[in-house]
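Asker: structure for this input, please:
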Amino acid sequence: MVQAPMEGVTAVTSGDIEPRVGRRWLSRPAVAALLAALALACASTGVRETGENALLRELERREVSHALVPFALNDEMAAWVHEAAGATDRDRRLDRLIEAVTETSMLGVEYKAGRTGSAVEVFETRTANCLAFTQMFVGMARELDLAAYFVEVSNIENFEREGDLIVISDHVAVGFGPRHAMRLIDFGLREDERGFRVTPISDLTATALYYSNRGAEALRAERLDEAVAWLEDAVRIDPELASAWANLGVAQRRSGRTVQAERSYRQALVVDPGLSSALVNLAVLLRLDGRTEEAHDLLLMADAKRNRNPFTYIALGDLSLRYGRLDEAERFYSRARRLGPDEAAPAAALGEVLLRRGERKAAEKLLRRAQRLEPDGDRRIDRLVRLLAAS
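Answerer: A predicted model of the protein is given here:
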């Protein structure tokens, strides 16, 4: 992807958000209290390193195979932070840090989708995706004695299709100040995007999200053993992270471990019974195993959630089409098109339904639309081309 200047550095106050308090990681009071205290105590390099070392020990205690603290700074970074913003009055220090990391005359970090780097890697390469930028920013803010913490942002969804499976990404931003007057600093949020909710999360959960992202990236690159390793570590770090369980199931199924994949999908649903990706991916697995009745029930549950994931409705449409329910398939594919207007798959899928009804011209129009959206083609486009040629 072509690099572009970091954009969308949005800072809003709690008047613009709906705070959502609580997350099940708080059921581990001793660990959560320790990490929260350390997060708010990072007044100097020495204290920062103490907090990072405590988190590292916790990762090792949980038997994480490759333990690292993604928001940790090195000495060079700590010195740069103090030089760039340390002399600023405390009231303006946060704004000065934002300027320092985004202005091309200073650090000048640029947005680049793809690999989620650690804070050190972002500093070295000057490129980051949203999660990597957030990790680095939290580490730098704490170095300046600013009470920055991680927040999970809901209603900003990121779904990707991997064949017949769905991979999801979580969205994380920086919170600053007390919850009743929280300032949200988001490096990917559009200024006109409102109505979202935020949940403060622990450093442990933020670290698990880093591992989960790395696993999803390895999965997309077909490095399946690496993906499983990252995602297994993610759920060791935070067993309550439903998206990591769901993505682990995808990696396991891709590598032929269907029994483990089913277990991971079901664990994702134990944590979050409404997680649409887990419902759909489990349904796909069960359907392939011949358990069509349970698969259908799961897809109906996903439909009842009225989620915004277009691939949920593609999966629902696929099942309807398999059993010849054309009206139902058309309804699901049409909804997928509304939710994902820039996705080729819903257009091609709907084209197949219309072709089966004898509406050839409408099917050809949808094929051209899908081909414009996906010039290199994909499985559904190729299938529609074959069906049109044979009709």
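
Asker: show me the strands in the stretch 151-300 of the chain, by range?
Answerer: Under the criterion DSSP state E, counting those that start in this stretch, the stretch 151-300 of the chain contains strands at 158-162, 165-169, 172-176, 183-186, 197-201.

Asker: pLDDT of the shortest one, averaged?
Answerer: Spelled out, that is strand 183-186. For strand 183-186, the mean pLDDT works out to 84.

Asker: what packs against that strand?
Answerer: The criterion is 3 or more CB pairs under 8 Å, 6 or more residues apart in numbering; DSSP states H and E, and the helices and strands that strand 183-186 contacts are strand 10-13, helix 90-102, strand 148-154, strand 172-176. C-beta here means a position set from N, CA and C on the backbone, and glycine is covered the same way.

Asker: how about the CA coordinates for that strand, as PDB?
Answerer: Output of strand 183-186 as PDB, limited to C-alpha atoms (Å, rounded to 0.1, in the frame of the first residue of the first chain):
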ATOM      1  CA  ARG A 183     -10.000  12.700  26.100                       C
ATOM      2  CA  LEU A 184      -9.900  10.100  23.300                       C
ATOM      3  CA  ILE A 185      -6.900  10.300  20.900                       C
ATOM      4  CA  ASP A 186      -7.600   8.100  17.900                       C
END
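
Asker: that one pairs with which strands, parallel or anti?
Answerer: strand 10-13 (antiparallel), strand 172-176 (antiparallel) (DSSP bridges).

Asker: go through those and find the least confident stretch.
Answerer: Of all those, strand 10-13 has the smallest average pLDDT, which comes to a mean of 42.

Asker: buried stuff in stretch 302-318?
Answerer: Neighbour counts over stretch 302-318 (16 or more other CB atoms under 10 Å) mark 302-303, 307, 309-318 as buried.

Asker: name the residues that touch that stretch?
Answerer: With CB atoms under 8 Å, 6 or more residues apart in numbering as the contact definition, stretch 302-318 has outside contacts at 157, 159, 161, 164, 166, 274, 276-277, 279-280, 283-284, 299-300, 328-333, 335-337, 339-340, 343, 345-346, 349, 353.

Asker: for the record, mean pLDDT for that stretch?
Answerer: Averaging pLDDT along stretch 302-318 yields 76.

Asker: swap in stretch 78-96?
Answerer: 88.
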